[in-house]
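[1] Just need the structure, nothing else, for what follows:
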Amino acid sequence: MTGLAGMTRYLWVLRHGKAVGNAPAGGGDKERPLTARGRRDAAALGHRLAAGVGVFGLDDVPLPQMVLCSSAVRTRQTADLVLEAMGADIPLESLHSLYGATPDTVLGYLRELDDKATSAMLVGHNPTHYQLAWQLLAPAADGAEGNQDGGDRSILQNHGFPTCSLAVVGLPLASWAEVEEGRGSLAGVFSPPY
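    Next up is the predicted model:
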């Protein structure tokens, strides 16, 4: 590990809000917008985050300083509503390739993040987001067979990851370029209602 002792970066992994079941006429899955509930949940999360550092009891965890987002309508609407409710001017990059991306593809994007940001939000889809959060977390320390991985992975598994869920992962990194599987710790996992 080349990270500096005591340096932690934070990844806020957000699944998009509840979307309608069918796309508007002539559209595909990528064009499905949020439902009224999805819009409410995303805005409520943004209002919670507007409280600043310490929200959700995450003391000393910096709020996201940048956002990477899938270009699907539902993810972009989720990100826009969260940021609007936060009242924050945070740079957002919307990427077509995050729609349908694998966790490995997402890891590649994370490794390219600007190191000026110690905290970033990723807004996208399941199963990728749940798998990514799971893979970033360190396995249980005891490694006992039949353990079901225990530790943070067990907490994430027991919580589940419904729409508009948020997992905050702490990563001991000096640079985003160092992101790899199995090094993170779960700062918290949250779901609506916010």
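[2] now the helices for the chain?
    Per DSSP state H, the chain carries helices over the ranges 36-49, 73-86, 103-110, 128-136, 151-159.
[3] Which of those sits closest to residue 180?
    helix 103-110 (7.6 Å; Cβ to Cβ). Quick note: C-beta positions are derived from backbone N, CA and C, even for glycine.
[4] just checking, what packs against the lowest-mean-pLDDT helix or strand in the chain?
    Within the chain, confidence by mean pLDDT, DSSP states H and E is lowest for helix 151-159 among all helices and strands, at a mean of 94. Counting contacts by 3 or more Cβ pairs under 8 Å, 6 or more residues apart in numbering; DSSP states H and E, helix 151-159 packs against helix 128-136, strand 185-190.
[5] just these: most buried one?
    Among the helices and strands packed on helix 151-159, helix 128-136 has the highest mean neighbour count (mean count of other Cβ atoms under 10 Å), at a mean of 22.
[6] Next, the angle from it to strand 185-190.
    For helix 128-136 against strand 185-190, the angle by axes from the mean of the first three to the mean of the last three Cα atoms, to 10 degrees is 150 degrees.
[7] want to throw the helices and strands packed on helix 151-159 into JSON lines with mean pLDDT and distance to residue 14?
    Shown next, in JSON lines, are the helices and strands packed on helix 151-159 (pLDDT from 0 to 100; distance: least, Cβ to Cβ, whole Å):
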{"stretch": "helix 128-136", "mean pLDDT": "97", "distance to residue 14": "8"}
{"stretch": "strand 185-190", "mean pLDDT": "96", "distance to residue 14": "10"}
